[in-house]
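Q: make a model of this:
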Amino acid sequence: MMWQHVAVVRDGKTLKQVLADLSAMTSELPSSGDRRMHEAANILRTGILITRCALAREESRGAHYRVDFPFKNDAKFNRHSVVRGETVTFG
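A: Sure thing, here's the model as predicted:
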């Protein structure tokens, strides 16, 4: 999912679907387990964070290309993505 839909060329509609699919997977993880389960949970959380940030960044910049937002927007997005809880800001 990440390679196919969140890699270099992205669009908002698909990012929303990937985010929903990844979020649904979190409920399927066991609540406790061994190291491999914790690694899988960390990979899943990382995928969710990457997808959320890609969805919030409504522009194209460098290797991040949004089909629905093909141009750079320095005024709004020439900053780092900051994730706090469920919120993504640019600061």
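
Q: ok, longest helix in this protein?
A: Using DSSP state H to assign secondary structure, the helix with the most residues in the chain is helix 35-56.

Q: which stretches of this structure form helices?
A: For the chain, the helices defined by DSSP H occupy 2-5, 12-26, 35-56, 74-77.

Q: closest one to R84 among the ones you listed?
A: Taking CB to CB as the criterion, R84 comes closest to helix 35-56 out of those, the separation being 11.4 Å. In this view, the C-beta of every residue, glycine as well, is placed from N, C-alpha and C.

Q: contact partners of that closest one?
A: Helix 35-56 is touched from outside by 1-2, 6, 10, 12, 15-16, 18-19, 22-23, 25-26, 29-30, 64, 66, 81, 83, 88, 90, with contacts defined as CB atoms under 8 Å, 6 or more residues apart in numbering.

Q: buried subset of these?
A: 6, 10, 15, 18-19, 22, 64, 66, 81, 88 (16 or more other CB atoms under 10 Å).

Q: apart from its chain neighbours, what residue comes closest to V67?
A: Spatial nearest neighbour of V67, chain neighbours left out: D11 (4.3 Å); criterion: CB to CB, 6 or more residues apart in numbering.
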